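S.K.: A predicted structure for the sequence below; I have some questions about it.
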Amino acid sequence: MQSEPIHAAPDQPQTRTELRAWVRDHLHLASALEAELLQAIDAVFSRHERLWRESKHEAIQALSSGFADKMARVKTEFSAKDATVSSISRYFEALVEDLTDKAHRDPKTKLMNFARFTEQLESFLALEQRGRWSAVGLVDITGFKWYNDALGHAVGDRIIERVAQLLREQARSDDIIAQERAEKRSEDLHARFGGDEFCFLIPDISACSQAHAIGERFREAVERYDWTLEDERLAAQPVRVDVGVVCLWLGRVADRRFIARRLAADLIQRADKLMYEAKGQRASHIYLLRAEIKDGQLVDRIGDDTEPASDNTAS
């Protein structure tokens, strides 16, 4: 017995139910293939709904923008004579990957959002690393409220986007990681902390001086940039940044693995404190301190970058 006819749907399916009906009416797939496709559709919508519940407002907007365009292309691809289940599957895999990436990124700067950065930092700390040191830095735009109040939010947004770009260009992990280890990791070292604040991870370094050099290179790049390209009024008050960096002696992975979450939070908190100590001082250097793990706690490290005798034991 034939099922009742489905009412004419809009040119573009608007809901999960409409998309399922469209698949049944237009593709005429075998039952098993149709069930597989509908299951893939349900998985995508479930993922999208969960992201709507869990993401912040800006991330939700980023996910939603472009999703309608992707769905509009579904009809064209599915109606092609040579459409196959494999091509449909690849489409939805790419869609899920794109939505997931957008959920992890700040819409304005395209840097990682802070939640994703924290996850990455925790994972890094919980694993064995080849370097002796790593570093976590926080960046704040000096006197950013003045730019917003005096020049307007549009100028403030351009400043944020430009500082993000300079951070991405200057804090590059491939300066210090062997080529075979770099891959795409350098794209995922930076994040927008929130507002006019940013954070970054410098992994696998042999000495704190490397972290200092990279932080200083970024700070100088901000100072050298011709800010009148963003707005001529910035000639009177060019943009500057305050930077705080905490260098962590990595030591044994056994000392980090089970406290990675707390350790990540402590590193960020210490870098944040250093950044605020630098704020307003107009210093010509980066605020940096060394830290290590002792008895499960993050403590200040006294001395130079050399390895202590206690760290010579196997992990």
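M.R.: That came through fine.
S.K.: what sits against residue 260?
M.R.: Residue 260 makes contact with 122-123, 125-126 under the criterion C-beta atoms under 8 Å, 6 or more residues apart in numbering. C-beta coordinates here come from the backbone N, C-alpha and C atoms, glycine included.
S.K.: could you save those as a markdown table and add columns showing distance to residue 266, pLDDT and secondary structure?
M.R.: Rendered in a markdown table, the data for these read as follows (distance: C-beta to C-beta, whole Å; pLDDT from 0 to 100; DSSP: H, G, I helix; E, B strand; the rest coil):
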| residue | distance to residue 266 | pLDDT | secondary structure |
| --- | --- | --- | --- |
| 122 | 12 | 91 | helix |
| 123 | 16 | 91 | helix |
| 125 | 10 | 92 | helix |
| 126 | 14 | 91 | coil |
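S.K.: most neighbours, which of those?
M.R.: Comparing those by number of neighbours (other C-beta atoms under 10 Å), residue 125 comes first, having 25 neighbours.
S.K.: now residue 110, what's its secondary structure?
M.R.: coil (DSSP: H, G, I helix; E, B strand; the rest coil).
S.K.: let me fix that: residue 239
M.R.: Looking at residue 239 with three-state DSSP, the answer is coil.
S.K.: same question, residue 293
M.R.: Classification of residue 293 into helix, strand or coil gives strand, according to three-state DSSP.
S.K.: touching, residue 222 and residue 163? I think so.
M.R.: Yes - Residue 222 is in contact with residue 163 according to C-beta atoms under 8 Å; the separation is 6.4 Å.
S.K.: and for those two, which residues touch both?
M.R.: Overlap between the contact sets of residue 222 and residue 163, as judged by C-beta under 8 Å, 6+ apart, is given by 239, 241.
S.K.: if we can go back for a sec, which of the contacts of residue 260 sits closest to residue 141?
M.R.: The shortest separation between residue 141 and any of the contacts of residue 260 is 26.5 Å, and it belongs to residue 122 (by C-beta to C-beta).
S.K.: okay, buried residues for stretch 191-211 please.
M.R.: 191-193, 196-205, 207-208, 210-211 (16 or more other C-beta atoms under 10 Å).
S.K.: from those residues, which land in helices?
M.R.: Among these, the ones falling in helices (DSSP state H) are 208, 210-211.
S.K.: want to throw those into TSV with pLDDT?
M.R.: Compiled in TSV, those are given as follows (pLDDT from 0 to 100):
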residue	pLDDT
208	89
210	89
211	89
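S.K.: from those, which is closest to residue 25?
M.R.: The nearest member of those to residue 25, counting by C-beta to C-beta, is residue 211 at 59.8 Å.
S.K.: which stretches of the stretch 1-150 of the chain aren't confidently modelled?
M.R.: For the stretch 1-150 of the chain, the stretches with pLDDT under 70 are 1-14, 48-103.
S.K.: would you map the helices across it?
M.R.: In the stretch 1-150 of the chain, the segments counted as helices under DSSP state H, counting those that start in this stretch are 16-26, 31-54, 57-64, 67-79, 85-103, 114-125, 144-151.
S.K.: cool, the stretch 151-300 of the chain as well?
M.R.: Listed in chain order, the helices found in the stretch 151-300 of the chain under DSSP H, counting those that start in this stretch are 153-170, 179-182, 208-224, 260-278.
S.K.: mean pLDDT for those: which is lowest?
M.R.: When these are compared on mean pLDDT, helix 179-182 scores lowest, with a mean of 32.
S.K.: tabulate the contacts of residue 260 (a markdown table), appending distance to residue 267.
M.R.: A markdown table is the format used below for the contacts of residue 260 (distance: C-beta to C-beta, whole Å):
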| residue | distance to residue 267 |
| --- | --- |
| 122 | 10 |
| 123 | 14 |
| 125 | 8 |
| 126 | 13 |
